[in-house]
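Participant: Using only what follows, build the 3D model:
(one chain, ligands or ions: 1)
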Amino acid sequence: MSSIRLSNINLRFPLYRDSSRSLKRSLLEAGKAVSRSRTISTDGGHTVVNALNNVTCNIEHGERIGLIGTNGAGKSTLLRVLAGIYEPTSGDIKVEGRVNALLNIGLGSDPDATGYENILLRGLYMGLHPKEIEKLAPAIAEFSELGEFLHVPVRTYSAGMGMRLSFAIATATHPDILLMDEWIMAGDRRFLQKARERVDSFVSRSQILILASHSPQILAQWCTRLFWMDSGSIVMEGETDAVLKQYETGEPPASPSDTQQLTTLAS
Ligand SMILES: Nc1ncnc2c1ncn2[C@@H]1O[C@H](COP(=O)(O)OP(=O)(O)OP(=O)(O)O)[C@@H](O)[C@H]1O
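Facilitator: Below you'll find the model as predicted:
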């Protein structure tokens, strides 16, 4: 049984020393007055981005979770924490199940290598044995529909072509938990339908899907429960329709005033 338990997850990115940057500090102070949610703070003269603030949630076997929120809300960071790409500054993570992340077209790929070479590279990156990759390659090539383009360097691919290859590779083996960022939506309509059918088949095997997107339509189609993120926190969670309805108003039910995303910690 797959499951995810996150308890008080915090993630801070240190940025730069700003003790002498009084203009910036003044601007930040002025910004406090107009910004409902801040991400940046200062710690001993270091500016830090509080990308995730006390994120706590439980996700159960078979759930399709959507992450929605404005730019910089923390959606991708949360996915990267779940994928093991970022380690949280504090908090507790328990993930049961094999995770596969469709987060970044470039991750584990070489732009100068051909499509076929990238199938091998990315398969190795995913922890597959070369023999296993060799067996999977024809099915990956077929699903990607890239044909002769698999013999040319991936740097010549369009965003949609790169997405097809990445999707085909990452979904060639069945993950227990599938994480997706919205770059997956770079595909054309027909490929998107095909991708959706494949993800549907993953989820119908009672696995977990977590998808970050700005599109209410896509979230409504793919997800049963949404987390609305703002300033690194989950400010609302619930059934997709209910969260989307509230999201349209622009105001979460509870004020996120206790979540400051950009902080300056006292020296
Ligand atoms: N590597 C990094 N270094 C410093 N700050 C980062 C880093 N990655 C993310 N951040 C910051 O963390 C915050 C959350 O970013 P994140 O990419 O998770 O937002 P998002 O909700 O996915 O946004 P978008 O909808 O634009 O993709 C932002 O303030 C961002 O600037």
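Participant: Could you use CA atoms for every contact and neighbour count after this?
Facilitator: OK.
Participant: And Met126, how far from the ligand?
Facilitator: 22 Å (CA to the nearest ligand atom, to the nearest Å).
Participant: Could I have the CA atoms of stretch 189-208 written out in PDB?
Facilitator: Only the C-alpha atoms of stretch 189-208 are listed here, as PDB (Å, rounded to 0.1, in the frame of the first residue of the first chain):
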ATOM      1  CA  ARG A 189      -4.000  17.600 -27.500                       C
ATOM      2  CA  ARG A 190      -3.900  14.100 -28.900                       C
ATOM      3  CA  PHE A 191      -0.700  13.200 -27.000                       C
ATOM      4  CA  LEU A 192      -2.100  14.700 -23.800                       C
ATOM      5  CA  GLN A 193      -5.100  12.400 -24.200                       C
ATOM      6  CA  LYS A 194      -2.700   9.400 -24.600                       C
ATOM      7  CA  ALA A 195      -0.600  10.500 -21.600                       C
ATOM      8  CA  ARG A 196      -3.800  10.800 -19.600                       C
ATOM      9  CA  GLU A 197      -4.800   7.300 -20.400                       C
ATOM     10  CA  ARG A 198      -1.400   6.000 -19.300                       C
ATOM     11  CA  VAL A 199      -1.600   7.900 -16.000                       C
ATOM     12  CA  ASP A 200      -5.100   6.700 -15.600                       C
ATOM     13  CA  SER A 201      -3.800   3.200 -15.900                       C
ATOM     14  CA  PHE A 202      -1.200   3.900 -13.200                       C
ATOM     15  CA  VAL A 203      -3.800   5.300 -10.800                       C
ATOM     16  CA  SER A 204      -6.300   2.600 -11.600                       C
ATOM     17  CA  ARG A 205      -3.700   0.200 -10.100                       C
ATOM     18  CA  SER A 206      -4.300   2.000  -6.900                       C
ATOM     19  CA  GLN A 207      -1.200   4.100  -6.900                       C
ATOM     20  CA  ILE A 208      -0.800   7.800  -6.000                       C
END
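Participant: per-residue confidence averaged over that stretch?
Facilitator: On average, the pLDDT along stretch 189-208 is 77.
Participant: quick one: contacts of that stretch?
Facilitator: 2-3, 59-65, 164, 167, 171, 174-178, 184-185, 209 (CA atoms under 8 Å, 6 or more residues apart in numbering).
Participant: Mind checking which of these are in helices?
Facilitator: Per DSSP state H, helices hold the following members of the contacts of stretch 189-208: 164, 167.
Participant: how about Lys94, what does it touch?
Facilitator: 3-6.
Participant: With respect to Pro252, which of these is nearest?
Facilitator: Leu6 (21.2 Å; CA to CA).
Participant: Point me to the helix or strand that includes the closest one.
Facilitator: Applying DSSP states H and E as the criterion places Leu6 in strand 3-17.
Participant: Strand 3-17 and the helix or strand encompassing Gly91, what's the angle between them?
Facilitator: Secondary structure from DSSP H and E places Gly91 in strand 90-96. Strand 90-96 and strand 3-17 are oriented at 140 degrees to each other (axes from the mean of the first three to the mean of the last three CA atoms, to 10 degrees).
Participant: still on that earlier bit, check which residues of the strand holding Leu6 are buried.
Facilitator: 3-4, 6-12 (16 or more other CA atoms under 10 Å).
Participant: do that strand and the ligand meet?
Facilitator: Yes: against the ligand, strand 3-17 shows contacts by CA under 6 Å from any ligand atom at Phe13.
Participant: Quick check: which helices or strands does that strand pack against?
Facilitator: strand 46-60, strand 90-96 (3 or more CA pairs under 8 Å, 6 or more residues apart in numbering; DSSP states H and E).
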